[in-house]
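Novice: coordinates only, sequence not included:
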């Protein structure tokens, strides 16, 4: 059974201890900062010069807006924010209520926080950067006084409604929208979602009595029972915190985000993005179950290198990291030998630039059969979001309606090291790019796979097929046990129509899973399908196949329809696995296997 996506020593045998109530364990960040500690700079604009006063519990939005206006109109390209807590409204920009600090076309801007905390209210993107170069944000902490979610326990349930006793700290008045809701373990307070993970299922809410909300459903959800601990997300894919469009050479360093509506970092069509000591975390002592309501980081259509070092991504409502080239566009009409009309299946926009190379694939296998360079592209009028793409070279005769186009130019390198992703819904990492190294990272209680290499044309149509990906020396603990489960804690997967697998290898190429530790998975620890050039070497696997849901999940390592595969030196001792494991390694067909060794 395949699961659809929802837009990765002796101690190995030691069970994980239950987490404290606030569901946040201290993690020591490793600072890798060649520039040394952040120091004040007298050639800068200080927000206190514009009237901001830290720690006075009064609104500082106007003063910050004045500082941001000034930095865009003079030669000083640095904003200093002295230590302290500042009150800001995310929707407080009178010129743009959707974006508090919009900055366009700047070069060399630095925002230095010195440990300052921005306490936010309202809904809107905080930092929106467009066409900026050499941009740095350092030394900031951000939080919202009222998160964009509520949490509580179900105290009554009927066929199409239930009542939730909402916890203190999440004031409710009734009428709040609920875009999604999911169950959490009432003891560990970790995300679960095996049975309750519902999107677009709520018709309305009303207040029954103080802090008790009645949720009216559009359809029956039998798994919602009295005693279920839930998070109700009032916004899911909200405006986010950092939004970067067509920027270059961006550095986010020593930044901590405790909550936010949507994604912490959403980056599109940008080049060379670096996050160092960047944390999305559950605020210690807050008792919160969730941090951001969507991904911690999401990179679409970028180029250059995405670098993530010494980061923590904890408690999100979706993935820790998603790196993709963009979206598959389906050919709707061939106008002539150079031009097609195409469309994303969810009517999203992913317009290629002139000069971009697009790979052409048939939907029944997603194997590229041609590459062509874009000469021009534009959106057609209308709500259907039809893309008109003209190519420089004649289109092959084999191109047909229904084929998909993937952007092979917007494929950034990914370098992710010494990062932790934990206690989040869905995956630790979704890798949909080429030339990626994920090393020395920890993935703990991600409800989906810890690391998932994927391309698919079954739901979101995100591109492109991964190539040249290495995952090494990482530790996976209790992953893939809840919402958005995949085939394994560490997986390379291709999903075609009706969630079918490709019949032949080559969709994904050159994958290395080496020296990883994988502990406690319901099914397989490692899964790979349709990979040409696969190495699974020197991994230590413990407690695999604890509760397999199908026959494929009864093998600690499952390899299907791959070629040039090497499986060697893995420690998969039977006595250390779940009682329902049938075989340590299963490969089919076996003619693609060059070597297999198990300890």
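Specialist: Here it is on my side, so go on. The structure displayed is predicted, hence computed values, not measured ones.
Novice: quick one, what contacts residue 357?
Specialist: The contact partners of residue 357, by C-beta atoms under 8 Å, 6 or more residues apart in numbering, come to 371-374, 407-409. (Each C-beta comes from the backbone N, C-alpha and C, glycine too.)
Novice: so who does residue 60 touch?
Specialist: If you count contacts by C-beta under 8 Å, 6+ apart, residue 60 has them with 47, 51-53, 86-88.
Novice: burial measure for residue 173, as a count.
Specialist: 10 (other C-beta atoms under 10 Å).
Novice: my bad, should have said residue 284
Specialist: 14.
Novice: Equivalent analysis for residue 171, please.
Specialist: Neighbours of residue 171 (other C-beta under 10 Å): 10.
Novice: measure the residue nearest the centre of the chain to residue 172 for me?
Specialist: Centroid check for the chain by C-alpha atoms, centre = their mean gives residue 319 as the closest residue, at 3.0 Å. Residue 319 sits 28 Å away from residue 172, taking C-beta to C-beta, to the nearest Å as the criterion.
Novice: what's the answer for residue 499, then?
Specialist: Distance of residue 499 to residue 172, given as C-beta to C-beta: 38 Å.
Novice: now do residue 579
Specialist: Distance from residue 579 to residue 172, by C-beta to C-beta: 45 Å.
Novice: Please compare those two by neighbour count and tell me which comes out ahead.
Specialist: With neighbours defined as other C-beta under 10 Å, residue 579 and residue 172 compare such that residue 172 has more, 18 against 7.
Novice: quick check, the more buried one in a strand?
Specialist: No: per DSSP: H, G, I helix; E, B strand; the rest coil, residue 172 lies outside any strand segment and is coil.
Novice: Would you mind measuring from it to residue 234?
Specialist: 9 Å.
Novice: any shared contact partners between the two?
Specialist: By the contact definition C-beta under 8 Å, 6+ apart, residue 172 and residue 234 are jointly contacted by residue 150.
Novice: where are the low-confidence patches of this structure?
Specialist: Along the chain, segments meeting pLDDT under 70 span 1-42, 591-599.
Novice: Could you list the buried residues of stretch 414-430?
Specialist: By neighbour count on 16 or more other C-beta atoms under 10 Å, the buried set for stretch 414-430 is 414-417, 419-430.
Novice: meant to ask about stretch 304-314
Specialist: Within stretch 304-314, the residues that count as buried by 16+ other C-beta under 10 Å are 306-314.
Novice: So what are the structural domains in this protein, by residue number?
Specialist: 20-146+238-323, 149-233, 326-407, 423-598 (automatic domain parsing).
Novice: Residue 498 belongs to a helix?
Specialist: Yes: the assignment for residue 498 (three-state DSSP) places it in a helix.
Novice: how close does the nearest residue to it once chain neighbours are set aside get to residue 353?
Specialist: Spatial nearest neighbour of residue 498, chain neighbours left out: residue 458 (7.2 Å); criterion: C-beta to C-beta, 6 or more residues apart in numbering. From residue 458 across to residue 353, the span is 27 Å (C-beta to C-beta).
Novice: residues near the closest residue to residue 261 other than its chain neighbours, how many?
Specialist: Nearest non-adjacent residue to residue 261, counting by C-beta to C-beta, 6+ apart: residue 238, 3.0 Å away. Neighbour count for residue 238, taken as other C-beta under 10 Å: 21.
Novice: do the same with residue 74
Specialist: Counted by other C-beta under 10 Å, the residues lying close to residue 74 total 9.
Novice: Now it: which helix or strand?
Specialist: When elements are assigned from DSSP states H and E, residue 74 belongs to no helix and no strand.
Novice: mind checking how far it is from residue 44?
Specialist: From residue 74 across to residue 44, the span is 11 Å (C-beta to C-beta).
Novice: What of residue 66?
Specialist: According to C-beta to C-beta, residue 66 stands 15 Å off from residue 44.
Novice: What residues sit buried inside stretch 340-358?
Specialist: So stretch 340-358, judged by 16+ other C-beta under 10 Å, has buried residues 340-344, 348, 350-352, 356-358.
Novice: same thing with stretch 206-213?
Specialist: Neighbour-count burial for stretch 206-213, counted by 16+ other C-beta under 10 Å, picks out 211-213.
Novice: so residue 486 sits in a strand?
Specialist: No: secondary structure assignment (three-state DSSP) places residue 486 in coil, not in a strand.
Novice: Helices of this structure, start to end?
Specialist: In the chain, the segments counted as helices under DSSP state H are 61-71.
Novice: before we move on, back to that, return the member of the buried residues of stretch 414-430 nearest to residue 553.
Specialist: Each of the buried residues of stretch 414-430 was scored against residue 553 by C-beta to C-beta, and residue 427 proved nearest at 17.4 Å.
Novice: ok, the closest one - contacts?
Specialist: Contacts for residue 427 were tallied using C-beta under 8 Å, 6+ apart; they are 8, 319-320, 322, 446, 448-452, 484, 486.
Novice: so which of those comes closest to residue 58?
Specialist: Once C-beta to C-beta is applied, the member of the contacts of residue 427 that ends up nearest residue 58 is residue 320, at 35.6 Å.
Novice: Tell me if I'm right that residue 265 and residue 274 touch.
Specialist: No: counting by C-beta atoms under 8 Å, residue 265 stays clear of residue 274, with 11.3 Å between them.
Novice: out of these two, which sits in the more crowded spot?
Specialist: With neighbours defined as other C-beta under 10 Å, residue 265 and residue 274 compare such that residue 265 has more, 26 against 18.
Novice: and the more buried one, bridged to which residues?
Specialist: residue 242, residue 297 (DSSP bridges).
Novice: from what I can see residue 189 touches residue 289, true?
Specialist: Yes: counting by C-beta under 8 Å, residue 189 does reach residue 289; the two are 6.0 Å apart.
Novice: quick one: which of these two has more around it?
Specialist: With neighbours defined as other C-beta under 10 Å, residue 189 and residue 289 compare such that residue 289 has more, 25 against 22.
Novice: what sits against the more buried one?
Specialist: Counting by C-beta under 8 Å, 6+ apart, residue 289 has contacts 23, 151, 184, 189, 191, 229, 231, 282, 315.
Novice: just residue 150 next, same as before
Specialist: Shown in contact with residue 150 (C-beta under 8 Å, 6+ apart): 164, 166-167, 170, 172, 176, 213, 231-232, 234.
Novice: I'd like to know which of these is nearest to residue 379.
Specialist: Of the contacts of residue 150, the one sitting nearest to residue 379 (C-beta to C-beta) turns out to be residue 234, at 31.4 Å.
Novice: For residue 550, see how far away that closest one is.
Specialist: As judged by C-beta to C-beta, residue 234 and residue 550 stand 36 Å apart.
Novice: Hmm, residue 85 is touching residue 119, no?
Specialist: Yes: here residue 85 reaches residue 119: they are 5.6 Å apart, a contact under C-beta under 8 Å.
Novice: Show me what residue 541 is bridged to.
Specialist: According to DSSP bridges, the partner residues bridging residue 541 are residue 518.
Novice: Report the separation between residue 487 and residue 558.
Specialist: Residue 487 is 7 Å from residue 558, by C-beta to C-beta.
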